[in-house]
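>>> Give me coordinates for this.
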Amino acid sequence: MSSSAVSPPTIAARPRTSLAVAMLGFFVVALDAQIVNVALPAIRNDLGGGLSGLQWIVTGYTLMFSALQLFAGTFSDRTGARRAYGLGMILFTVASAACALSPSLVFLIAGRILQGIGAAMITPSSLALIREAYHDAAQRGRAIVYWGLGGSVAAAAGPVLGGVLTQIDWRLIFFVNLPVGAAAMFVLARVAPSPRRPMPFDWLGQITAVLALASLTYGIIEGAEAGYGSPEILTLFAVFAASVTAFLLAQARGRYPMVPLDLFRSRTVSTTLAIAVVTMAAFYGVVFLQSLYFQQLRGESALQTGLLFLPMTGLVALLNPLAARLMTRYGSVAMIAAGQLLMAFGLAGLWLLPADAPTLVVALAMVPVGVGGSLTVPPIIALVMDHVPAERAGTASGVINTARQIGGSLGVAIYGALLAGHDFMAGLRIGLGTTAVVLLVLIAASIPLRNADQPQHE
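Now for the predicted structure:
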């Protein structure tokens, strides 16, 4: 440890301050993943662009968020979580202002990409701040639940706030990030400096990771229009395959791998990460699909659409504090399985509903998807974080959030591709039904992990 490192007792002296800044960070990051969806038709009316353009407004953010999580986790460990968080929040806030002032769709997508970079730096460092501040596993689990509460509040507020602001001007959905960013920096100044763990960056691993995720996502989105057998799309998939191979070789043979592959030797970690991918694909995909469904097929306004999301997102925020007690009583694995089952039930309900079902009934059918997703996030994070040592907290949180955001990016890309290739309701039902089946398979895979609730590292 370098001379600038801070001892754990000093870091833990004000754990609630660290938790507060972590919650603010996750709040603003989650808010921007949700608030933009109900504004998509208004943005298209103002700036133009087809379905793929709308997908890129969402995916440009989540793609960079997911592609840079691994780098950001290592960066957090190397430079200190507090410094990484501060740099990420500054970039995120500046990019939000750029999005609000965008004169064209291209500029808006570019701003969303910059937002994603800032969000990638914020998220693993916020979890690392919690890992540094709370050394007891039970207290840390409760802190992670409250960290998740910041995201749940954002999920509840996002669609409604987005609908209200879009009624005035869609650009306000980005300006709202500025005061939140200022508040986060104010609280961050009261957090003790984080320890640093100097280590070289794995540039080859990072470059190949970005190439792999970008080529796969771009291929899925644009392939819906260009055709998946077209030469340019096949080339993108070839780039994806080559990049994944190069990434794995870089991690296996490099002296300073960005993602030590021994993290995945644990069945607990690898299965939990797979669950994280699918649950986030379901959640982000449903929000994207239903936002378009309510406005394009049912003729609802942006505000009405936001209010229709409120039963799902509002209940998530109300139930989130209960997750800590349920985790303590039943264990993380049981919570994850229950959350997946609820999500599968909700997806099946949406799949079975007729296209002309009352909009309130559709809104109520979305509730199990949101509640199930909220029940899985804290135990997924706690289960993985409890199985890594504290010095790998930033890297582990980067891996967790990479898995989650890959799921979000692929969910929007795949569901959007299904819409482009089929009648709207047919594409919607294919996506919902397939995801429900995959969730049921993962429930069976998660049951053998029931003995994994005891942390291996303190």
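>>> Now do the contacts for residue 312.
Shown in contact with residue 312 (Cβ atoms under 8 Å, 6 or more residues apart in numbering): 363, 366, 367, 369, 370, 371. (Each C-beta comes from the backbone N, C-alpha and C, glycine too.)
>>> hmm, try it at 7 Å
Contact partners of residue 312, counting by Cβ atoms under 7 Å, 6 or more residues apart in numbering, are 366, 367, 369, 370.
>>> cool, and residue 381?
Applying Cβ under 7 Å, 6+ apart, the residues contacting residue 381 are 144, 400.
>>> show me where pLDDT drops low in the stretch 351-458 of the chain?
Low-confidence segments of the stretch 351-458 of the chain (pLDDT under 70): 387-395, 397-398, 421, 449-458.
>>> rerun that using 80 as the cut-off
Applying pLDDT under 80 to the stretch 351-458 of the chain flags residues 374, 377-378, 381-402, 404-406, 408-410, 412-413, 417, 420-423, 445-458.
>>> mind listing the helices for it?
Under the criterion DSSP state H, counting those that start in this stretch, the stretch 351-458 of the chain contains helices at 359-365, 367-385, 393-421, 424-446.
>>> would a markdown table of the ones you listed with distance to residue 114 be doable?
Listed next are the helices of the stretch 351-458 of the chain as a markdown table, based on distance: least, Cβ to Cβ, whole Å:
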| stretch | distance to residue 114 |
| --- | --- |
| helix 359-365 | 33 |
| helix 367-385 | 25 |
| helix 393-421 | 16 |
| helix 424-446 | 29 |
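>>> Please name whichever of those helices is nearest to residue 172.
For the helices of the stretch 351-458 of the chain, proximity to residue 172 was assessed by Cβ to Cβ; helix 393-421 is nearest, at 22.8 Å.
>>> angle of the closest one against helix 424-446?
With axes from the mean of the first three to the mean of the last three Cα atoms, to 10 degrees defining the directions, helix 393-421 sits at 150 degrees from helix 424-446.
>>> what's residue 428 in contact with, if anything?
289, 293, 419.
>>> Which neighbouring elements make contact with the longest helix belonging to the chain?
In the chain, with assignment by DSSP state H, the single longest helix is helix 137-168. When contacts are defined as 3 or more Cβ pairs under 7 Å, 6 or more residues apart in numbering; DSSP states H and E, helix 137-168 packs onto helix 15-34, helix 105-133, helix 172-175, helix 302-319, helix 322-330, helix 367-385.
>>> relative to helix 302-319, how tilted is it?
Taking the same axes, to 10 degrees, helix 137-168 and helix 302-319 form an angle of 170 degrees between their directions.
>>> buried sites along helix 137-168?
Buried residues in helix 137-168, defined by neighbour count with 16 or more other Cβ atoms under 10 Å: 140-166.
>>> Equivalent analysis for stretch 338-352, please.
If you call a residue buried by 16+ other Cβ under 10 Å, then stretch 338-352 has these buried ones: 338-351.
>>> now what about it, what contacts it?
By Cβ under 7 Å, 6+ apart, the residues outside stretch 338-352 that reach it are 275, 279, 282, 365-369, 371-373, 375-376, 429, 432-433, 435-436, 439-440, 442-443.
>>> Kindly confirm whether my reading is correct that residue 415 touches residue 431.
Yes. Assessed by Cβ atoms under 7 Å, residue 415 is found in contact with residue 431 at 4.5 Å.
>>> Next, show the common contact partners of those two.
Listed as contacting both residue 415 and residue 431 by Cβ under 7 Å, 6+ apart are 285, 289.
>>> Please identify the buried residues of stretch 257-269?
For stretch 257-269, burial by neighbour count (16+ other Cβ under 10 Å) applies to 257, 258, 259, 260, 263, 266, 268, 269.
>>> Any chance of CSV for those residues, columns secondary structure, distance to residue 47 and pLDDT?
Listed next are the buried residues of stretch 257-269 as CSV, based on DSSP: H, G, I helix; E, B strand; the rest coil; distance: Cβ to Cβ, whole Å; pLDDT from 0 to 100:
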residue, secondary structure, distance to residue 47, pLDDT
257, coil, 41, 78
258, coil, 36, 74
259, coil, 37, 75
260, coil, 43, 73
263, helix, 42, 71
266, coil, 46, 71
268, helix, 45, 76
269, helix, 42, 77
